[in-house]
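1. Compute the structure for the input listed below.
(one chain, ligands or ions: 1)
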Amino acid sequence: MGMKIYNKKRNFKITPKPAEKVLKKKTKNLPSFIVQKHAARNLHYDFRLEMAGVLKSWALPKGFPVAKGDKRLAIHVEDHPMEYAHFEGVIPEGQYGGGTVMVWEVGYYQVLNASPLSALKSGKIEMILAGTKLKGHWTLVRTKNKSGDKEAWLLLKSHDDVKPLSASQENKSALTKRTMKQIAEARDAVWQSDHSHS
Ligand code: MN
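-> Alright, predicted model coming up:
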(Lines give C-alpha, C1' and ligand atoms only; values in the text may rest on other atoms or scores of the structure.)
Protein backbone atom coordinates (compact mmCIF):
# COMPACT_ATOMS: atom_id res chain seq x y z
CA MET A 1 0.00 0.00 0.00
CA GLY A 2 1.16 3.51 -0.61
CA MET A 3 2.32 5.30 2.46
CA LYS A 4 4.78 8.09 2.64
CA ILE A 5 6.55 10.21 5.14
CA TYR A 6 5.04 13.64 4.95
CA ASN A 7 6.92 15.41 7.65
CA LYS A 8 9.68 13.92 9.71
CA LYS A 9 11.55 16.02 12.19
CA ARG A 10 13.43 13.27 13.96
CA ASN A 11 15.74 14.37 16.71
CA PHE A 12 18.85 12.51 15.69
CA LYS A 13 20.47 13.15 19.05
CA ILE A 14 18.05 10.77 20.70
CA THR A 15 18.03 8.13 17.98
CA PRO A 16 20.57 5.52 18.99
CA LYS A 17 22.87 4.23 16.27
CA PRO A 18 22.70 0.51 17.08
CA ALA A 19 19.09 0.30 15.88
CA GLU A 20 20.02 1.92 12.60
CA LYS A 21 22.71 -0.67 12.21
CA VAL A 22 20.18 -3.42 12.75
CA LEU A 23 18.21 -2.34 9.70
CA LYS A 24 21.22 -1.84 7.52
CA LYS A 25 22.63 -5.17 8.62
CA LYS A 26 26.05 -3.71 9.13
CA THR A 27 26.76 -5.71 12.23
CA LYS A 28 25.08 -9.06 11.61
CA ASN A 29 23.97 -11.06 8.65
CA LEU A 30 20.42 -11.62 9.84
CA PRO A 31 17.18 -9.94 8.81
CA SER A 32 15.65 -7.51 11.26
CA PHE A 33 12.38 -7.52 13.11
CA ILE A 34 10.51 -4.57 14.49
CA VAL A 35 7.60 -4.22 16.89
CA GLN A 36 5.62 -1.01 16.89
CA LYS A 37 3.22 -0.27 19.70
CA HIS A 38 0.25 1.41 18.09
CA ALA A 39 -2.47 3.30 19.90
CA ALA A 40 -5.04 3.24 17.09
CA ARG A 41 -8.74 2.63 17.72
CA ASN A 42 -7.51 -0.28 19.83
CA LEU A 43 -4.03 -0.51 21.31
CA HIS A 44 -2.05 -3.28 19.65
CA TYR A 45 1.46 -4.33 18.71
CA ASP A 46 2.56 -4.55 15.08
CA PHE A 47 5.10 -7.33 14.65
CA ARG A 48 7.10 -6.91 11.45
CA LEU A 49 9.65 -9.23 9.87
CA GLU A 50 12.02 -7.97 7.21
CA MET A 51 11.53 -10.35 4.28
CA ALA A 52 12.12 -9.87 0.54
CA GLY A 53 12.65 -6.15 0.92
CA VAL A 54 9.44 -5.39 2.78
CA LEU A 55 8.08 -5.73 6.30
CA LYS A 56 5.76 -8.74 6.58
CA SER A 57 3.35 -7.71 9.31
CA TRP A 58 1.04 -9.12 11.97
CA ALA A 59 -1.11 -7.13 14.37
CA LEU A 60 -1.08 -8.53 17.90
CA PRO A 61 -4.08 -7.28 19.89
CA LYS A 62 -2.66 -8.83 23.10
CA GLY A 63 1.06 -8.60 22.54
CA PHE A 64 3.64 -11.36 22.96
CA PRO A 65 3.08 -14.57 24.95
CA VAL A 66 5.83 -15.32 27.51
CA ALA A 67 4.90 -18.74 28.94
CA LYS A 68 5.71 -21.82 26.88
CA GLY A 69 2.60 -23.03 25.04
CA ASP A 70 0.72 -19.74 25.39
CA LYS A 71 -0.67 -18.37 22.16
CA ARG A 72 -2.02 -15.04 21.06
CA LEU A 73 -3.93 -13.93 18.00
CA ALA A 74 -1.72 -12.48 15.23
CA ILE A 75 -3.69 -10.91 12.39
CA HIS A 76 -1.73 -11.02 9.15
CA VAL A 77 -1.94 -7.50 7.77
CA GLU A 78 -0.56 -5.88 4.64
CA ASP A 79 3.16 -5.55 3.98
CA HIS A 80 4.72 -2.28 5.09
CA PRO A 81 7.65 -0.56 3.38
CA MET A 82 11.09 -0.82 5.00
CA GLU A 83 11.12 2.93 5.49
CA TYR A 84 8.26 2.56 7.96
CA ALA A 85 10.36 0.38 10.27
CA HIS A 86 11.75 3.25 12.31
CA PHE A 87 8.70 5.42 12.21
CA GLU A 88 7.84 6.66 15.67
CA GLY A 89 5.36 9.48 15.93
CA VAL A 90 1.80 10.21 14.98
CA ILE A 91 -0.50 9.14 12.15
CA PRO A 92 -3.20 11.82 11.95
CA GLU A 93 -6.68 10.92 13.19
CA GLY A 94 -9.07 9.90 10.42
CA GLN A 95 -6.29 8.29 8.37
CA TYR A 96 -5.56 4.59 8.06
CA GLY A 97 -4.02 3.55 11.37
CA GLY A 98 -4.53 6.98 12.91
CA GLY A 99 -2.92 7.28 16.36
CA THR A 100 0.43 7.22 18.13
CA VAL A 101 3.17 4.79 17.06
CA MET A 102 6.15 3.75 19.20
CA VAL A 103 9.13 1.72 18.00
CA TRP A 104 8.72 -0.71 20.87
CA GLU A 105 11.35 -3.23 19.90
CA VAL A 106 14.08 -3.75 17.30
CA GLY A 107 16.28 -6.75 16.74
CA TYR A 108 17.31 -9.60 14.48
CA TYR A 109 15.48 -12.82 13.77
CA GLN A 110 16.36 -16.22 12.46
CA VAL A 111 13.89 -18.72 11.03
CA LEU A 112 14.63 -22.30 12.05
CA ASN A 113 12.35 -24.50 9.95
CA ALA A 114 12.92 -23.19 6.40
CA SER A 115 13.98 -20.08 4.58
CA PRO A 116 11.92 -17.13 5.82
CA LEU A 117 9.81 -16.91 2.65
CA SER A 118 9.19 -20.68 2.47
CA ALA A 119 8.23 -20.69 6.11
CA LEU A 120 5.82 -17.82 5.52
CA LYS A 121 4.29 -19.62 2.55
CA SER A 122 3.94 -22.86 4.51
CA GLY A 123 2.08 -21.07 7.29
CA LYS A 124 4.56 -21.92 10.04
CA ILE A 125 7.45 -19.69 11.03
CA GLU A 126 9.59 -21.07 13.86
CA MET A 127 11.98 -18.34 14.87
CA ILE A 128 14.44 -17.00 17.33
CA LEU A 129 14.12 -13.33 18.14
CA ALA A 130 17.21 -11.49 19.26
CA GLY A 131 16.00 -8.14 20.49
CA THR A 132 16.50 -6.07 23.59
CA LYS A 133 13.18 -7.01 25.22
CA LEU A 134 12.30 -10.15 23.26
CA LYS A 135 14.91 -12.89 23.31
CA GLY A 136 14.03 -16.46 22.52
CA HIS A 137 11.81 -18.75 20.49
CA TRP A 138 8.40 -17.88 19.12
CA THR A 139 6.37 -19.57 16.36
CA LEU A 140 3.81 -18.02 14.03
CA VAL A 141 1.18 -20.47 12.76
CA ARG A 142 -1.52 -19.74 10.18
CA THR A 143 -5.01 -20.93 11.07
CA LYS A 144 -7.99 -21.53 8.83
CA ASN A 145 -9.83 -18.66 10.49
CA LYS A 146 -10.23 -15.07 9.43
CA SER A 147 -10.25 -11.86 11.39
CA GLY A 148 -12.42 -9.66 9.19
CA ASP A 149 -10.92 -10.15 5.71
CA LYS A 150 -7.45 -10.95 7.10
CA GLU A 151 -5.82 -14.30 7.85
CA ALA A 152 -5.84 -15.17 11.53
CA TRP A 153 -2.48 -16.57 12.66
CA LEU A 154 -1.39 -17.49 16.17
CA LEU A 155 1.82 -16.41 17.82
CA LEU A 156 2.97 -19.21 20.10
CA LYS A 157 5.67 -19.10 22.75
CA SER A 158 7.75 -22.11 21.88
CA HIS A 159 10.72 -23.92 23.44
CA ASP A 160 10.63 -22.35 26.92
CA ASP A 161 9.25 -19.62 29.15
CA VAL A 162 10.65 -16.12 29.20
CA LYS A 163 10.36 -13.59 31.99
CA PRO A 164 7.46 -11.15 31.69
CA LEU A 165 8.59 -7.63 30.83
CA SER A 166 8.98 -4.97 33.48
CA ALA A 167 6.65 -1.97 33.38
CA SER A 168 9.55 0.14 32.20
CA GLN A 169 10.34 -2.21 29.30
CA GLU A 170 6.66 -2.38 28.46
CA ASN A 171 6.17 1.36 28.39
CA LYS A 172 9.31 2.71 26.74
CA SER A 173 10.45 3.06 23.16
CA ALA A 174 13.38 0.88 22.12
CA LEU A 175 14.71 3.82 20.09
CA THR A 176 14.11 6.88 22.22
CA LYS A 177 13.00 5.55 25.64
CA ARG A 178 9.93 7.75 25.35
CA THR A 179 6.45 6.75 26.53
CA MET A 180 3.40 6.80 24.24
CA LYS A 181 2.30 10.03 25.93
CA GLN A 182 5.66 11.69 25.33
CA ILE A 183 5.62 10.62 21.66
CA ALA A 184 2.07 11.90 21.22
CA GLU A 185 2.92 15.21 22.86
CA ALA A 186 6.20 15.72 20.99
CA ARG A 187 4.52 15.07 17.63
CA ASP A 188 7.97 15.37 16.04
CA ALA A 189 7.23 12.93 13.22
CA VAL A 190 4.01 12.59 11.26
CA TRP A 191 3.21 9.78 8.83
CA GLN A 192 0.58 10.51 6.19
CA SER A 193 -1.30 7.43 5.13
CA ASP A 194 -3.02 7.49 1.72
CA HIS A 195 -6.06 5.63 2.91
CA SER A 196 -8.66 7.36 5.00
CA HIS A 197 -10.44 5.38 7.66
CA SER A 198 -14.20 5.18 7.62
MN1 MN B 1 -1.08 -1.04 13.62
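
2. A helix includes A119, no?
-> Yes - under DSSP: H, G, I helix; E, B strand; the rest coil, A119 falls within a helix.

3. Find the nearest non-adjacent residue to it, please.
-> Nearest residue to A119 in three dimensions, chain neighbours excluded: I125, at 4.4 Å (Cβ to Cβ, 6 or more residues apart in numbering). Just so you know, the C-beta spots here come from the backbone N, C-alpha and C atoms, and that holds for glycine as well.

4. List the contacts of the residue lying closest to G53 once chain neighbours are set aside.
-> Leaving aside its chain neighbours, G53 sits nearest to M82 (6.7 Å; criterion: Cβ to Cβ, 6+ apart). With contacts defined as Cβ atoms under 8 Å, 6 or more residues apart in numbering, M82 is in contact with L23, E50, G53, V54, L55.

5. Turn those residues into TSV, columns for distance to the ion, secondary structure and pLDDT.
-> Formatted as TSV, the contacts of M82 follow (distance: Cβ to the ion, whole Å; DSSP: H, G, I helix; E, B strand; the rest coil; pLDDT from 0 to 100):
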residue	distance to the ion	secondary structure	pLDDT
L23	19	helix	39
E50	17	strand	96
G53	20	coil	95
V54	16	strand	97
L55	12	strand	97
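
6. helix, strand or coil for I128?
-> Going by three-state DSSP: I128 is strand.

7. got the contact list for it?
-> Counted by Cβ under 8 Å, 6+ apart, I128 has contacts Y109, Q110, L112, G136, H137.

8. What is the neighbour count of A67?
-> Neighbour count for A67, taken as other Cβ atoms under 10 Å: 10.

9. which SS state does it fall under?
-> coil.

10. Kindly report the same for A114.
-> Counting by three-state DSSP, the backbone at A114 sits in coil.

11. That one contacts S122, doesn't it?
-> Yes - the pair A114 / S122 is scored as a contact, 6.5 Å apart, by Cβ atoms under 8 Å.

12. My guess is Q110 contacts F33. True?
-> No - counting by Cβ under 8 Å, Q110 stays clear of F33, with 9.9 Å between them.

13. And the two? Which one has more around it.
-> A side-by-side neighbour count of Q110 and F33, using other Cβ under 10 Å, places F33 first with 25 against 14.

14. Please name the residues that touch the more buried one.
-> F33 neighbours (Cβ under 8 Å, 6+ apart): F47, R48, L49, E50, E105, V106, G107, Y108, Y109, L129, G131.

15. That one belongs to a strand?
-> Yes - F33: assigned to a strand according to three-state DSSP.

16. Distance of the nearest residue to it once chain neighbours are set aside relative to T139?
-> What sits nearest to F33 in space, not counting adjacent residues and going by Cβ to Cβ, 6+ apart, is Y109, at 4.4 Å. According to Cβ to Cβ, to the nearest Å, Y109 and T139 sit 12 Å apart.

17. Lovely, talk soon.
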